[in-house]
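Q: predicted structure and sequence below. I'll ask about it afterward.
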Amino acid sequence: MILANRSAVAIVSALLAIVGVIPQAFAQSAPAKPDGKPAVIVMDDERIKLAEIKLHEARPASIARRLIVPGTIVPDAGRVAHVSVKLSGTVSELRKNIGDDVTKDEILAVLESREVADAKSEYLAARLSNELQQDLTARDKSLWEGRAVPEQQYIKSRNAAAQTVMRFGIARQKLMALGVMDNEIAALPQAPDGTLRSQNVRAPISGRVAERKVEPGTAVGRDNLETELFVIVDLSQVWIELSVSPTDLPLVKEGQPVDIALRGIAEAGAGKIMFVSPLLDKETRAARVVASAPNADGRWRPGSFVTAGIAVERRDVPVAVPFTAVQTVDGRKAVFVRTSEGFEKRDVALGRRDGPLVEIASGLSAGETVATTNTFSLKAELSKPGDED
């Protein structure tokens with residue numbers, strides 16, 4: 001009877017194998033461990049690619065001990081420009097609006113001003129007077145050299161030429177003080193009369209228009225009128241204002257690297273401390289520390305609260321891997337090591353963590369390759385019941 005039952009079981013098992021009912025995972029698993037779980041997950045290169053599992057070689061690394069402090073993103077004070085007018089006038093044209101990108105010296109607005117019209121007219125008159133006097137002086141010099149006129153007449157003409165040069169220079173400097181550029185001054189003699197009262201307002205830096213404070217037709221300038229037209233901010237570089245307690249302040253030095261993390265952004269940023277205040281805040285009793293960070297992609301928005309890790313100590317470790325390679329299996333930390341057959345679960349002891357890297361104190365050697373992404377699928381494969389279940 002027992003022999004008959006065993007024969008029946010064998011026949012049924014053979015039939016199931018023929019029709020493919022036996023799960024593929026079991027067919028590809030290595031011999032089971034005593035607890036019924038596979039020691040090696042068999043996967044070839046094609047299956048690894050389909051599972052989107054990335055590999056990383058364990059290698060030596062420099063691991064830092066970091067001081068974690070709160071911070072706030074603020075604009076770089078040297079990259080903020082308040083565009084103000086230097087004369088009285090009326091806004092006749094606005095060429096840029098809030099949110100627009102601008103380049104240095106690009107025209108933002110056009111003003112109409114009697115003050116700039118007077119200054120341009122004065123310049124043109126001084127220019128013409130100077131040209132005429134220079135011609136007269138050149139003629140008197142020629143006549144004096146030919147003994148046709150007395151020396152006194154030539155000296156008088158030369159002094160008049162020097163005065164016209166001085167008045168011409170003063171008129172030009174007045175235009176430059178009002179914000180008229182060199183190329184605009186050079187083009188004044190050929191400019192139409194209707195443009196003499198117009199003054200271009202240009203961007204002093206490249207960046208983005210953060211504020212626009214006037215509308216077309218607004219009177220601007222002196223006498224309690226609005227003088228600031230735009231605020232331009234260049235956010236390609238930002239500051240991170242950190243608050244450091246007095247007890248931690250001795251560990252912080254200018255030039256130290258800083259890692260920046262913001263909730264909602266998986267990828268951390270990097271910066272460098274540029275200023276450590278010698279004074280403590282009267283209310284919080286904390287010191288102001290400023291770090292600078294690149295922001296070419298614009299992900300660090302001023303006003304955002306961040307967490308900053310200041311690297312206060314560095315230590316070289318023989319083995320480190322990305323922290324994403326570590327899983328918890330049966331209450332123990334483990335990594336999945338690439339073998340010729342697939343992946344082998346390896347229990348490890350972790351050391352110090354530094355951002356995306358973690359030290360492997362034991363259980364892994366430098367040069368071995370581990371899985372760093374989608375390792376949860378490998379963990380799930382281990383959790384399947386073995387042949388004995």
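A: Looks like it came in fine.
Q: and residue 60, what does it touch?
A: Applying Cβ atoms under 8 Å, 6 or more residues apart in numbering to residue 60 gives the contacts 316, 317, 318, 319, 320, 366. For the C-beta atoms, the positions are set from N, CA and C on the backbone; glycine is no exception.
Q: rebuild the residues you listed as a markdown table, extending it with pLDDT.
A: Converted to a markdown table, the contacts of residue 60 look like this (pLDDT from 0 to 100):
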| residue | pLDDT |
| --- | --- |
| 316 | 84 |
| 317 | 86 |
| 318 | 90 |
| 319 | 91 |
| 320 | 91 |
| 366 | 89 |
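Q: what separation do you get for residue 234 and residue 109?
A: Per Cβ to Cβ, to the nearest Å, residue 234 is found 19 Å from residue 109.
Q: more neighbours, these two?
A: residue 109 (23 against 19; other Cβ atoms under 10 Å).
Q: so what's residue 143 up against?
A: Contacts of residue 143 (Cβ under 8 Å, 6+ apart): 149, 154.
Q: ok, 10 Å please
A: 149, 150, 153, 154, 157 (Cβ atoms under 10 Å, 6 or more residues apart in numbering).
Q: got the confidence number for the first one?
A: So the one you mean is residue 149. On the pLDDT scale, residue 149 is placed at 83.
Q: re the thing from before, what is the nearest of the contacts of residue 60 to residue 303?
A: residue 320 (35.1 Å; Cβ to Cβ).
Q: tell me, how many residues neighbour the closest one?
A: Applying other Cβ under 10 Å, we find 25 residues neighbouring residue 320.
Q: so which of the contacts of residue 143 is the most crowded?
A: Among these, the one with the most neighbours (other Cβ under 10 Å) is residue 157, at 20 neighbours.
Q: can you confirm that one is in a strand?
A: No: the assignment for residue 157 is helix, going by DSSP: H, G, I helix; E, B strand; the rest coil, so no strand is present there.
Q: close enough to count as contact, it and residue 132?
A: No: applying Cβ atoms under 10 Å as the test, residue 157 and residue 132 come out as separate, 11.4 Å apart.
Q: return the distance of stretch 342-357 from the chain's centre.
A: 31 Å (Cα atoms, centre = their mean, to the nearest Å).
Q: list the buried residues for that stretch?
A: By neighbour count on 16 or more other Cβ atoms under 10 Å, the buried set for stretch 342-357 is 342-346, 348, 350-355, 357.
Q: which one of the residues you listed is nearest residue 219?
A: residue 355 (54.8 Å).
Q: tell me how far the closest one lies from residue 318.
A: In terms of Cβ to Cβ, residue 355 sits 19 Å off from residue 318.
Q: any idea where the helices of the stretch 251-389 of the chain begin and end?
A: Remark: helices assigned in the stretch 251-389 of the chain by DSSP state H, counting those that start in this stretch are 375-383.
Q: so, low pLDDT: which residues of it?
A: Where the stretch 251-389 of the chain drops to pLDDT under 70, the residues are 264, 266, 384-389.
Q: do that again at 80, thanks
A: Applying pLDDT under 80 to the stretch 251-389 of the chain picks out residues 263-268, 313-314, 354-355, 381-389.
Q: before we move on, what about the stretch 51-200 of the chain?
A: 64, 194.
Q: swap in 50 and give it another go.
A: Within the stretch 51-200 of the chain, not a single segment meets pLDDT under 50.
Q: just the C-alpha atoms of stretch 140-151, please, in CSV.
A: This file holds the C-alpha atoms of stretch 140-151, laid out as CSV (Å, rounded to 0.1, in the frame of the first residue of the first chain):
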residue,chain,number,x,y,z
ASP,A,140,45.4,130.1,-35.3
LYS,A,141,48.3,127.8,-34.6
SER,A,142,49.0,127.5,-38.3
LEU,A,143,48.9,131.3,-38.7
TRP,A,144,51.1,131.9,-35.7
GLU,A,145,53.7,129.5,-37.0
GLY,A,146,53.6,131.4,-40.3
ARG,A,147,54.0,134.7,-38.4
ALA,A,148,50.6,135.9,-39.7
VAL,A,149,49.1,136.5,-36.2
PRO,A,150,50.7,137.4,-32.9
GLU,A,151,51.5,134.7,-30.3
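Q: now do the same end-to-end measure for stretch 344-358.
A: Criterion Cα to Cα, to the nearest Å; first-to-last residue distance in stretch 344-358 is 20 Å.
Q: now stretch 177-197
A: Taking Cα to Cα as the criterion, the two ends of stretch 177-197 lie 16 Å apart.
Q: for that stretch, what is the distance to the chain centroid?
A: 38 Å.
Q: who's in contact with it?
A: The set of residues external to stretch 177-197 that reach it, using Cβ under 10 Å, 6+ apart, is 84-87, 89-90, 92, 105, 110-121, 123-124, 127-128, 171-172, 174-176, 198-202.
Q: the same query, at a cut-off of 7 Å, please.
A: Contacts of stretch 177-197 with the rest of the structure, by Cβ atoms under 7 Å, 6 or more residues apart in numbering, involve 86-87, 112-114, 116-117, 119-121, 123-124, 172, 175, 199.
Q: could you list which residues are in contact with the most centrally placed residue in the chain?
A: In the chain, the residue lying closest to the centroid (Cα atoms, centre = their mean) is residue 295, at 0.6 Å. Residues in contact with residue 295 (Cβ under 7 Å, 6+ apart) are 235, 236, 237, 238.
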